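With the sequence up front, the predicted model follows.
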Amino acid sequence: MQNWISRIAVAAVLSAAGASVALAETTVGLLLPKSGVFAALGAEIDDGFMFALEEAGRVDEFTIVREDTEVKPPVGLAKARKLVLQDKVDTIVGVVSSGVLGAMRDFVHQAKVPLIVANAGNDHATGESCSPYIVRVSFSNSQINRPMGQWMYDQGVRKIYTLAPDYAAGHQMIEAFTGSFTAAGGEIVGGEYTPFGQTNDFGPYLTNARATNPDGIFVFYAGGEAIRFVKQYGSFDIKADVPLYGSGFLTSPLYVGAEGDAAVGVKASLHYVPTLDTPENNAFVAAFKARFDRMPSEYAVQGYDSARLLLGAIDAGATDRASIAAALPKVAYTGPRGPLEIDPATNNVVQNIYVYDTVKDGEGLTQKVVGQIAGVRDDVNGCKL
Amino acid sequence: MSDAGFWILQLLNALQYSMLLFLLSIGLTVIFGLLHFMNLAHGALYMMGAYIGISVASATGNFWAAFVLAPLAVTAIGAVLYFTLIRRMRHAGPMNQVLVTFGLIFVFLDLVRLGWGDIALGLDAPAALQGTTKFLSVSYPTYRFFIIGLGLVVMATLMTIVSRTQIGAMIRASVENGDMAAAMGINVGRLFFAVFCVGCALAGLAGVVAAPVFSASTGMGISILIPTLIVVVIGGLGSLQGAVVGSLIVGSIETIGAAVLPGAASILIYILLAVILVVRPAGLIPARA
């Protein structure tokens, strides 16, 4: 008995000593929406981030301070200030909304605090308003859509009608697609930007699209609008003769269950698909499923890769704000998405873009990869680092 | 697709949207007309109808169970609100009413987030109403025809009740002059409660019926509130005929506007609202002569 107790005591002392050595060398501010329209995405990114730390067995090395952006630019900026000035974080990770990113860009740039962007896709963030302190591991709006123009042209698609919500991301996504599609020789026969967050009925737009007799419709919608759009598209006869293409957020694994059969046959491009058949992704999906009992979405992968990037920078010897910012763009590895590196010219991620088809799999739906565009790199777009 | 086919489709789209707006605005306008109560939580009740409907449908596997139970559940929620808050707030003045019921929207929004999560949900139309139906050379989703039909049935039923039955006469009398109606022996309090319940049931019905088309998200209660309020203001507060006319006008302008002048679609309706407020501040068909 005595022996048993002393053994526990020794073990406790040893582990405490071990922990105190490794404990909290880096303070990370996780700046994600926990309320508002993007709360679900924030939760996915948070899970992915923590999963990467757990997988590496290095949770103890980090102190995590969580703040809620509420998807409001002024709130995001105030929380970024709080994380930097009060919590003295070494790095900020997160930011789902491009509006929030735009509001805090100048602050993190001037405070010289590294920011790992885990979602916000505004092209300008790694273009004309790029910063040596802002590294984006998620995607840029045009990166996801640009490859789709050539791919669709190669599939024999010639005439396209476009639809997207009327805000910055909607315009960037559609313009990137139309740019490459018309450069390849395709024709845009019409298109509309629908009032963002106010469009309940897409019937009038679908009827307009049909009237132009296109070979297909290319759209960007996300979240509730994606579900609404795909379901309404499926309920009209238009599904029978005008195929639907889009940014992969349209039929993201997160929403496809709610879309049901209407999503079958929709072809979309995205930087991650959970059914990607690579050793890295198969291992990632199996471990993620075992931990969370669900498939990882592209948002979870963005959180996961944010942590991988940070771990990579620390492994390269980074210890404080300046050295982390300098080390982040040099990290490269092959992860669930495939080969991943940071473009030193823009600090945006260079990654594969996948075209996938949504297909039936027994009772449910799954993603079948039908095309792959390797190593998609954005133009410099006025970025001076 | 022929030009005629295009316009038939767009008119059907307009009619379908108008009918959903009608189901929502009729409850709101009658509650205002009768109780002089601006119940902004009406949008939240619509959202609850959709979410409860989705849960009932997934538990029973039957859309029609949701179609019946969701409005009843929303009525029960409405009754609780009536006895805890609304009855107490009746004489508190419009500003307090608006603040309290607007606050309720956020309470319900967070309740839905806790109960159903942040990710939007869909609901499948019943098997019998899936697919499309031919009508005047165009094919149109059968479920949307069902919404149009349901709206017309509710409209005709309410019109008949209000204009041809004794209860209708009592409601009209109470809207016209509540004190006088009470003096004539009408139990105005009980009548108010009954009408309030019907309004809540219709909001719940609109929610569950809209879910297969619009899907259900936590923002749906607020986003539908604006067009609904515009319908009520254009038609005339408290007026059944006003709600009919208002919803047809707003539904048509939003839909045809989106089809013909997409860039201006979202402001057309506000221009109309401004014009009506200047020219006929009481609405097109005011409840009180």
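Great, that's in hand.

Point out where the stretch 1-150 of chain A drops to low pLDDT.
Low-confidence segments of the stretch 1-150 of chain A (pLDDT under 70): A:1-24.

quick one: the strands in it?
Ranges of strands within the stretch 1-150 of chain A are A:26-32, A:62-68, A:91-94, A:115-117, A:134-136, based on DSSP state E, counting those that start in this stretch.

got TSV for those strands, with distance to chain B and mean neighbour count too?
For glycine as for every other residue, the C-beta is placed from the backbone atoms N, C-alpha and C. Shown next, in TSV, are those (distance: least, C-beta to the nearest C-beta, whole Å; neighbours: other C-beta atoms under 10 Å in any protein chain shown):
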stretch	distance to chain B	mean neighbour count
strand A:26-32	12	24
strand A:62-68	13	18
strand A:91-94	16	28
strand A:115-117	21	28
strand A:134-136	24	29
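
Near chain A, which residues of the stretch 101-250 of chain B are found?
B:113, B:117-122, B:124-125, B:130, B:132, B:139-141, B:143-144, B:210, B:212-215, B:217-220, B:223-224, B:226 (C-beta under 8 Å from any C-beta of the partner chain).

Now residue A:163: which helix or strand?
In the assignment (DSSP states H and E), residue A:163 maps to strand A:159-165.

And residue A:341, by the same measure?
Here residue A:341 is assigned to strand A:338-342, by DSSP H and E.

show me the residues around residue A:306 that make contact.
By C-beta atoms under 8 Å, 6 or more residues apart in numbering or on different chains, the contact list for residue A:306 reads A:45, A:48-49, A:52, A:93-94, A:116, A:118, A:137.

For the stretch 151-289 of chain B, which residue gets nearest to chain A?
residue B:217 (3.5 Å; C-beta to the nearest C-beta).

Run a quick neighbour tally on the closest residue to residue B:282 other than its chain neighbours.
The shortest distance from residue B:282 to any non-neighbouring residue, by C-beta to C-beta, 6 or more residues apart in numbering or on different chains, is to residue B:236 (5.9 Å). By the measure other C-beta atoms under 10 Å in any protein chain shown, the count of residues near residue B:236 is 25.

returning to what we had before: neighbouring strands for the strand holding residue A:163, and are they parallel or not?
strand A:187-194 (parallel), strand A:216-219 (parallel) (DSSP bridges).

pLDDT averaged over it, what's the number?
Averaged over strand A:159-165, pLDDT sits at 95.

before we move on, the earlier item: CA-only coordinates of the strand holding residue A:341, as CSV, when you get a sec.
What follows is strand A:338-342, C-alpha atoms only, in CSV (Å, rounded to 0.1, in the frame of the first residue of the first chain):
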residue,chain,number,x,y,z
GLY,A,338,-2.5,17.6,-50.4
PRO,A,339,0.7,19.5,-50.8
LEU,A,340,0.5,22.8,-49.0
GLU,A,341,2.9,25.8,-48.9
ILE,A,342,2.7,29.5,-48.4
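
How about residues contacting it?
Residues contacting strand A:338-342 (C-beta under 8 Å, 6+ apart): A:135, A:137, A:276, A:278, A:280-281, A:305, A:309, A:328-334, A:348-352, A:374-375.
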